[in-house]
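Q: Could you look at this predicted model? Sequence included:
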Amino acid sequence: MSRPETALAPDEDAYLSLSGLTKRFGGVQALAGAKLLVRKGEIHGLVGQNGAGKSTMIKILAGLVQADAGQIHIGGRDLADARPRDVEAAGIHFIHQERMLVPDFTVAEALFLGHEVRLGPFLARRRMQASAQALMQRYFGRVLPGNRLIAELSTGEQQIVQIVRALLQEPQVLVLDEPTAALVRAEIDHLFEALNRLRAGGMTVVYISHYLSEIEALCDRVTVLRNGQTVATVDPRHTSSREIASLMVARDLNEMFPARVASKGRPVLSARALGDGRNFQDVTFTLHAGEVLGLTGLQGSGAKELLRSLFGLDRITSGEVSIEDRPFRARSPREAAAQGVAFVPEDRRHQGAILEMSIAANMTLANLARFSWRGLLRPRLEREVATRMISELAIKAEGPDAVVASLSGGNQQKVVLAKWLTRAAPLYILDEPTLGVDVAAKIEIYELVQRLARDGAAILVLSNDLDELVGITHRILVMYRGRTASSIPAATTSPAALLDVILTGQSEIAHVVH
Amino acid sequence: MTNLILRHGITVVTVLAFAFFGWNAQGFLSVPNLASVLVNNVALLAIAAFAMTLVVRTGGIDLSIGTAIDMAGLAFVAALRVNLGVTIAVLAGLAAAAATGGFNALLITRLKISPFLATLGTLFIGHSLQQLLADGGNPIYVTAASLPPAFQFLGHGLILGVHLRIWLVVILALAMALLLSRSSFGRRLTASGMQVNVAWYSGLPVDRDIALVYVLAGVICGIAGVLLTAGVSVYVPFAGNAFLLNAIGATFIGTTLSRSHVANVQGTLLGVILISVAANGLLLIGWNFYWQQLATGMVIFLALAFTFGGRRLAGGTP
Ligand SMILES: Nc1ncnc2c1ncn2[C@@H]1O[C@H](COP(=O)(O)OP(=O)(O)OP(=O)(O)O)[C@@H](O)[C@H]1O
Ligand SMILES: [Mg+2]
């Protein structure tokens, strides 16, 4: 199976080949003759900036989107005009970037939808649940009770369900579009193990990710897309992540993390002995103007719930919070926003953006008072601000009137961020702000965070991307089993040391800081 | 070009309906007939359908619009019979309808009952209430002694030669269009209708807005109820329910006009015209009354098939 590798070698023996793919959406050229040649039994990375056309390519392969032109072959078989069912029959299975699960289903139902195990005319529920759990244990080292509802699962857990669901079909080719965006470290490790094991068993994998470290660790070859065209296919063992990143953006990436604001101002958010009676307790910290505070922890550590409670999404039952010296109490996002909190949620499709609405309408949604006069909207002002935001955040879109659904994942995320930027809040809470965002956009978002800080906002960032936390924050609050395990100055730590604290709840350089 | 035609499936079907009946039904295109269709079929249905449009825009549905219409008629007649004067009677009618909407609002935003079930409950309660208040469901006549000119005007008045009902439809249509597509309130409703969770995370007063919508829908139905009752000088129990299905039909036909499939005034108005014209035209070519609902159903399918089928052909947004 293994042969000497040369970058961009013409690949006659490609098992799965897509070539000359072209696709235009209205005024946006999503693909312009892109090519992807995948050998049997390899893990093939697909990278590119937000909007480069990765997901479009995958959707064309899946038969979900019709290409304007191009050929698709698998094992010599023509799949150009195949329907989704034909593609599945050919053994190609997908985990799309947008989670496609029915929220009211149980885990077991979602896993077996369309492939139910039956006992006579009845569904064999018990047997389905048992095998679902066994699979979950095998591939992810953890079990999601089969009778839990999809809607009750965290984003990461939903992702696990999707992956296991695809694996159940024993695919020939598995295509994963940013599968780890919502996973925590331990889950990612399990996924990689599972993929390696599957490759050893002869499965072919196409793997899309913005995390070049993952690509490096996992992939045999990588194809880089830029503006809808294939720029190169390289071997990550011979080409560094940095070079790959430069291929993606066609420019050198200098500083990933912009300089942090040096001075901090008055306290903006102070929390004393906070608890919600379930997920976290006795949390005390202070966040100052101009300061970026990181927050992290394993799933179940209470970090997420703490964040939610500060936006009125969950209830605080003990302790005190004040924002700019005024006692803070919120039972809804509306009340929280009125008291100066801006919140960028993690799940952009269900919490962040209204996909059917225009970019402009989404950007102004959290701040309609500013964009209306005596109850009537001011469309000119709305479009003007939206147009400015689009260029400031380098959002790739046709214009302020384009619907958000037509944007790539990363560009949708920028719209969600922009929504709260139109409102100058003293406190910004960002929940995984760079989820599914490419390198260049990440840098833009980091710069934005620093700009907010410079303008005197206090920023609380929850993230599982440890490089990001160490790179952009001043301090990092690590939660462990519902308590603050430690508060670490970012300058004195490294991602590895941070991971250690996250996993163990203990740190040698623990500072108990208020 | 093809896209434009397909997008406007209902417009095409409406034009076809006019052409078909104009050709086949004697007198269909005559001015008196069309004027009568406008006043007697289109106007009240349009007002009821506007109420429905508002609610459907928020992602809900109101099965009790007929009830609100009836409650308004009942209160209106009751007030007239005790000689409270036309002004007070109109206000009483609107208030009764608003109360019906308020009851829905309470069930939906406080008790978190789904709009379908909540308004279905209101429909049943309204039914019982009318039977109790109207002696087992008998019509209540506006007695001759209490028929001042103002009452006549409500039922049959003309302004500049145009029927009062038509004026009200035009005013309401303009106000609704302004509200839905130009106001901050309308934007919030649309957001709630599309993704209520996102609206909530954006700090919008979702419950307050939705409650207001149901009350407003009640008031709009109240207008229809007062006009209906004044037109025939009698309150007929359950008369309002006749509008329910057509209002739902018109509203959903109308959603095909919008790119994002939201309920909208222009579309609803076209839907109302289509349904009314079909009813009138069929009557004129001598179809049995009983066939009309079947025909209305076919028209709905036709408009929907035209729009959605066409969209798929054009390969547009899924
Ligand atoms: N249904 C659609 N309608 C209009 N434009 C679209 C549609 N789908 C994708 N696009 C556009 O095509 C381009 C490529 O999008 P695609 O989703 O393939 O990007 P991507 O490489 O997957 O990016 P990301 O990393 O952000 O997920 C983008 O500019 C996007 O706005
Ligand atoms: Mg994508």
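A: Nice, I can see it. Residues are numbered from 1 along each chain as shown, chains lettered A, B, ... in the order given. Ligands and ions are numbered 1, 2, ... in the order given.
Q: Please list the residues of chain B that sit near chain A.
A: B:178, B:182-185, B:187-188, B:190-191, B:194-195, B:197-205, B:260, B:315, B:317 (Cβ under 8 Å from any Cβ of the partner chain). For every residue, glycine as well, the C-beta is placed using N, CA and C.
Q: Confirm for me that A:F371 is in contact with A:R378.
A: Yes: at 5.6 Å, A:F371 counts as touching A:R378 under the criterion of Cβ atoms under 8 Å.
Q: Going by how many neighbours each has, rank these two and give me the top one.
A: Shown here are A:F371 and A:R378; by other Cβ atoms under 10 Å in any protein chain shown, A:F371 has more neighbours (22 against 16).
Q: residues contacting that one?
A: A:T364, A:L377, A:R378, A:L381, A:E382, A:V385, A:T422, B:S184 (Cβ atoms under 8 Å, 6 or more residues apart in numbering or on different chains).
Q: Considering those residues, which possesses the most neighbours?
A: A:T364 (30 neighbours).
Q: between A:F371 and A:R378, what contacts are shared?
A: What both A:F371 and A:R378 touch, as defined by Cβ under 8 Å, 6+ apart, is an empty set.
Q: of the residues of chain B next to chain A, buried ones?
A: Buried members of the residues of chain B next to chain A, counted by 16 or more other Cβ atoms under 10 Å in any protein chain shown: B:182-185, B:187-188, B:190-191, B:194-195, B:197-204, B:260.
Q: Looking at those, which are in strands?
A: Using DSSP state E, no member of those sits in strands.
Q: Could you list which of the residues you listed also contact ligand 1?
A: Near ligand 1, taking Cβ under 6 Å from any ligand atom as the test, no member of those is found.
Q: Would you check how far apart A:M389 and A:A418 are?
A: Relative to A:A418, A:M389 is positioned 4 Å away (Cβ to Cβ, to the nearest Å).
Q: Compare those two (neighbour count), which wins?
A: Higher neighbour count among A:M389 and A:A418: A:A418, with 26 against 22, using other Cβ under 10 Å.
Q: From B:D209, how far off is B:L216?
A: In this view, B:L216 and B:D209 are 10 Å apart by Cβ to Cβ.
Q: OK, now which residue of chain A is nearest to chain B?
A: Distances between chain A and chain B by Cβ to the nearest Cβ are smallest at A:A337, namely 3.6 Å.
Q: just the helices in the stretch 51-200 of chain B please.
A: Using DSSP state H, counting those that start in this stretch, the helices of the stretch 51-200 of chain B run over B:65-81, B:86-105, B:115-133, B:149-156, B:164-182, B:184-194, B:196-201.
Q: ok, back up a step: which residues do A:M389 and A:A418 both contact?
A: Joint contacts of A:M389 and A:A418 (Cβ under 8 Å, 6+ apart) are A:M363, A:I395.
Q: related to what we said a few turns ago, now tell me which of the contacts of A:F371 the prediction trusts least.
A: Scanning the contacts of A:F371 for pLDDT, the low point is A:T422. It has 80.
Q: May I have the phi/psi pair for the closest residue to that residue other than its chain neighbours?
A: Distances taken as Cβ to Cβ, 6 or more residues apart in numbering or on different chains put A:N367 closest to A:T422, at 5.0 Å, once the chain neighbours are dropped. In this entry, A:N367 is assigned phi and psi values of phi -150, psi 40 (degrees, to the nearest 10).
Q: My guess is A:N367 contacts A:R423. True?
A: Yes: between A:N367 and A:R423 there is a contact under Cβ under 8 Å: 4.2 Å.
Q: more crowded one of the two?
A: More neighbours surround A:N367 than the other of A:N367 and A:R423, with 21 against 16 (other Cβ under 10 Å).
Q: So the residue of chain A closest to chain B: helix, strand or coil?
A: Under DSSP: H, G, I helix; E, B strand; the rest coil, the three-state class of A:A337 is helix.
Q: Low-confidence bits of the chain, can you list those?
A: No chain specified, so I'll use chain A. Scanning chain A for pLDDT under 70 picks out A:1-12, A:27, A:98-100, A:115-125, A:128, A:182, A:250-256, A:507-514.
Q: other chain: chain B
A: For chain B, applying pLDDT under 70 flags the ranges B:1-7, B:144-146, B:303-304, B:306-318.
Q: quick check: longest helix of it.
A: Identified as the longest helix of chain B according to DSSP state H is helix B:206-232.
Q: Contacts for the helix or strand that it is followed by next, please.
A: Once helix B:206-232 ends, the next helix or strand along the chain (criterion: DSSP states H and E) is strand B:234-235. Applying Cβ under 8 Å, 6+ apart, the contact partners of strand B:234-235 are B:D70, B:G73, B:L74, B:F76, B:V77, B:A134, B:P139, B:I140, B:Y141, B:V142, B:T229.
Q: tell me the contacts of the fifth one?
A: In this structure, B:V77 makes contact with B:A89, B:I140, B:Y141, B:V142, B:T229, B:V234, B:Y235, judged by Cβ under 8 Å, 6+ apart.
Q: Okay, buried residues for the longest helix of chain B please.
A: Within helix B:206-232, the residues that qualify as buried by neighbour count (16+ other Cβ under 10 Å) are B:206-207, B:209-231.
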